[in-house]
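Peer 1: model the following, please.
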Amino acid sequence: MSSLTVINHPLVHHKLTLLRKKSTPTSNFRRLLKELSLLLGFEATRDLKLKEVEIRTPLAVTTQKELDGKKLALVSVLRAGNGLLEGLQDLIPSARVGHVGLYRDHDTLQPVEYYAKFPDGMERRTVIAVDPMLATGNSIIAAVDRIKQTGAKDIRFLCLLAAPEGIKAFQEAHPDVPIITAAVDSHLTESGYIYPGLGDAGDRLYGTK
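Peer 2: Numbering: from 1, shown residues only. As a prediction, the model looks like this:
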């Protein structure tokens, strides 16, 4: 099974609580989601490969470390994934960006793809897929299926909240892809929402409901 990392940090707990509040306005929700993406991004990039390079500081020539290999790829699962993408782009400004457009059929809860575009050389990049909610797991499973079609092998998934049902489904479908999240909630409702959760992340992010 793929590994599961739940970030246990006071700032993560605090900001997530503010996100969960029904009274949090769209502008604050967007800002908090970006701030949380930075905190989660530190964990998602913890094991990136480094190489030693010789540089000149104002005082000396010294050997230091910088990222090695082809630039990272960040893949947002549209539309809600863009709420996490923005913060990660601030953290890793050199990263290339891809998108997978999926919406959930509210009757079947199955994902329907309407868009996909990726950077070149995905097989040589570390890929971080982002989607705020791991609910049923159907959408991110389909997105990672699509990412793997590009030849990508080093993939990790970053989300804000996860349900046990979604974790189980994702781990069974992609046992090689680690999950990084801020919290694992109780369960899914009959309509497929994470409980207690925070509602529909896309709607709250963009003020569409």
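
Peer 1: please make it C-alpha for all contacts and neighbour counts, starting now.
Peer 2: Noted.

Peer 1: tell me where the longest strand sits in the protein.
Peer 2: Selection of the longest strand in the chain by residue count, based on DSSP state E, yields strand 96-104.

Peer 1: enumerate the positions of that one that are buried.
Peer 2: 96-103 (16 or more other CA atoms under 10 Å).

Peer 1: so after it, what's the next helix or strand?
Peer 2: Scanning forward in sequence from strand 96-104 by DSSP states H and E, the next helix or strand is strand 111-117.

Peer 1: helices or strands next to that following strand in the packing?
Peer 2: Helices and strands touching strand 111-117, by 3 or more CA pairs under 8 Å, 6 or more residues apart in numbering; DSSP states H and E, are strand 96-104, helix 138-148.

Peer 1: least reliable of those going by mean pLDDT?
Peer 2: When the helices and strands packed on strand 111-117 are ranked by mean pLDDT, strand 96-104 comes last with a mean of 89.

Peer 1: chain center to that one: distance?
Peer 2: In terms of CA atoms, centre = their mean, to the nearest Å, the centre of strand 96-104 is set 11 Å apart from its chain centre.

Peer 1: relative to it, what are the paired strands and their orientations?
Peer 2: strand 73-78 (parallel), strand 111-117 (antiparallel) (DSSP bridges).

Peer 1: which residues of the protein fall in helices?
Peer 2: Along the chain, the stretches classed as helices by DSSP state H are 10-20, 26-44, 82-91, 138-148, 164-173, 201-206.

Peer 1: lowest average confidence across those helices, which one?
Peer 2: Among the helices of the chain, helix 201-206 scores lowest, at a mean of 87.

Peer 1: wait, residue 124 touches residue 155, no?
Peer 2: No: with contact defined as CA atoms under 8 Å, residue 124 does not reach residue 155; the gap is 10.8 Å.

Peer 1: more neighbours, those two?
Peer 2: Legend: neighbour count by other CA atoms under 10 Å for residue 124 and residue 155, higher for residue 155 (23 against 16).

Peer 1: ok, now which ones touch the closest residue to residue 79 other than its chain neighbours?
Peer 2: Distances taken as CA to CA, 6 or more residues apart in numbering put residue 202 closest to residue 79, at 6.5 Å, once the chain neighbours are dropped. Going by CA atoms under 8 Å, 6 or more residues apart in numbering, residue 202 touches 79-80, 208.

Peer 1: redo that, cut-off 10 Å
Peer 2: 78-83, 131-133, 208-209 (CA atoms under 10 Å, 6 or more residues apart in numbering).

Peer 1: same thing with residue 108?
Peer 2: Listed by CA under 10 Å, 6+ apart, the contact set of residue 108 reads residue 191.
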